[in-house]
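K.L.:
Kindly generate the corresponding structure for this input.
(one chain, ligands or ions: 2)
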Amino acid sequence: MPIQSGTENRSADTSKRLTVLSGPSGVGKSTIVQEIRQHHPEVWLSVSMTTRAPRPSETDGVEYHFTTEDDFDRMIADGELLEWAGFSGNRYGTPRRPVVERLTAGIPVLLEIDLQGARQVRKTMPGAFHVFLAPPSWEELERRLTGRGTEPAEVVQRRLATAREELAAEKEFDATLVNTSVQDVRDELLTLILASRV
Ligand SMILES: Nc1ncnc2c1ncn2[C@@H]1O[C@H](COP(=O)(O)OP(=O)(O)OP(=O)(O)O)[C@@H](O)[C@H]1O
Ligand SMILES: Nc1nc2c(ncn2[C@@H]2O[C@H](COP(=O)(O)O)[C@@H](O)[C@H]2O)c(=O)[nH]1
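P.N.:
Ligands and ions are numbered 1, 2, ... in the order given. Reported below is the predicted structural model:
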């Protein structure tokens, strides 16, 4: 399992217990997060707000809090989001309060967010550790995104175009995990989440 470590410059505050997982659409972030949810309840997983419609397999409050554009606007205006971004025609954001509460209580927190959100967190939570999830190859990324079957072809193409930009940003992250084996990545990610968290 290749891990490439980057420069670490993390301050001694509660945000050092925060880990951010990003990577191109279809690389397997949600799959890894689901594995962490099942096997490592000691890690708290943030549940994002989104204006996207639920997929048939998704339950409100589990994968996401599904909400309206108006409510999302209100949350931004009221400062309730730690970060937020527009992605492939929808908006996604991290509710601030539950994250801050867990971090203050000393609980490790994992965010699964896109590159734009990760960049915001790097500025506002400078102690956070940023992990980039990379595909074994471009062809495999295309296969996974298409094979998932959750988006129409034009949305897949839009997400793949964004994926090229996201792959180019890998060097901004503190570590890279290549998602060849879900179990290996789960274990490596857990090691990174629990490292340097005292
Ligand atoms: N290591 C792996 N080997 C093979 N298939 C995988 C692996 N990891 C995930 N997948 C599959 O790839 C597809 C995309 O995974 P997933 O939905 O977790 O990606 P994602 O990064 O969360 O995407 P998005 O950002 O669009 O939400 C799924 O069908 C999943 O089962
Ligand atoms: N900036 C944020 N990005 C988020 C958040 N929650 C999820 N995401 C990212 O959105 C895309 C698309 O997700 P999908 O479920 O529609 O496939 C993906 O990259 C997620 O990581 C968030 O709170 N903020």
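K.L.:
What separation do you get for the residue nearest the centre of the chain and Leu160?
P.N.:
Nearest to the geometric centre of the chain sits Glu112, at 1.6 Å (Cα atoms, centre = their mean). Using Cβ to Cβ, to the nearest Å, we find Glu112 at a distance of 19 Å from Leu160. All C-beta atoms are positioned from the backbone trio N, CA, C, and that covers glycine.
K.L.:
From start to finish, how long is stretch 127-143 in a straight line?
P.N.:
One end of stretch 127-143 to the other measures 35 Å (Cα to Cα, to the nearest Å).
K.L.:
buried ones in it?
P.N.:
For stretch 127-143, the buried set under the neighbour-count rule, 16 or more other Cβ atoms under 10 Å, comprises 127-135, 140-142.
K.L.:
now stretch 37-46
P.N.:
Within stretch 37-46, the residues that count as buried by 16+ other Cβ under 10 Å are 40, 43-46.
K.L.:
of those residues, closest to ligand 2?
P.N.:
Closest approach to ligand 2 among the buried residues of stretch 37-46 (Cβ to the nearest ligand atom): Ser46, at 7.2 Å.
K.L.:
Show me what the residue nearest to the centre of the chain bridges to in the sheet.
P.N.:
Counting by DSSP bridges, Glu112 is bridged to Leu21.
K.L.:
ok, it - contacts?
P.N.:
21-22, 29-30, 33, 45-46, 48 (Cβ atoms under 8 Å, 6 or more residues apart in numbering).
K.L.:
which among the buried residues of stretch 127-143 gets closest to ligand 2?
P.N.:
Of these, the one sitting nearest to ligand 2 (Cβ to the nearest ligand atom) turns out to be Leu133, at 9.5 Å.
K.L.:
which residues sit in contact with the closest one?
P.N.:
By Cβ under 8 Å, 6+ apart, the residues touching Leu133 are 21-23, 27-29, 32, 176-177, 179, 185.
K.L.:
which residues in this structure form helices?
P.N.:
29-39, 69-77, 96-104, 115-124, 138-148, 153-167, 182-194 (DSSP state H).
K.L.:
and the angle from the last one to helix 29-39?
P.N.:
Per axes from the mean of the first three to the mean of the last three Cα atoms, to 10 degrees, the angle that helix 182-194 makes with helix 29-39 is 70 degrees.
K.L.:
Flag the shaky bits of this structure, pLDDT-wise.
P.N.:
1-12, 196-198 (pLDDT under 70).
K.L.:
which parts of it sit against ligand 1?
P.N.:
23, 25-31, 144, 147-148, 179-182 (Cβ under 6 Å from any ligand atom).
K.L.:
Can you name the two of the residues you listed that sit furthest apart?
P.N.:
Ser25 and Ser181 (20.0 Å; Cβ to Cβ).
K.L.:
residues in the protein within reach of ligand 2, list them.
P.N.:
25, 29, 48, 52, 83-85, 87, 92-94, 112-114, 116-117.
K.L.:
8 Å instead?
P.N.:
Contacts of the chain with ligand 2, taken as Cβ under 8 Å from any ligand atom, map to 21-25, 29-30, 46, 48-50, 52, 55, 63-64, 81, 83-85, 87-88, 90, 92-94, 111-118, 120, 150-151, 159, 166.
K.L.:
No further questions, thank you.
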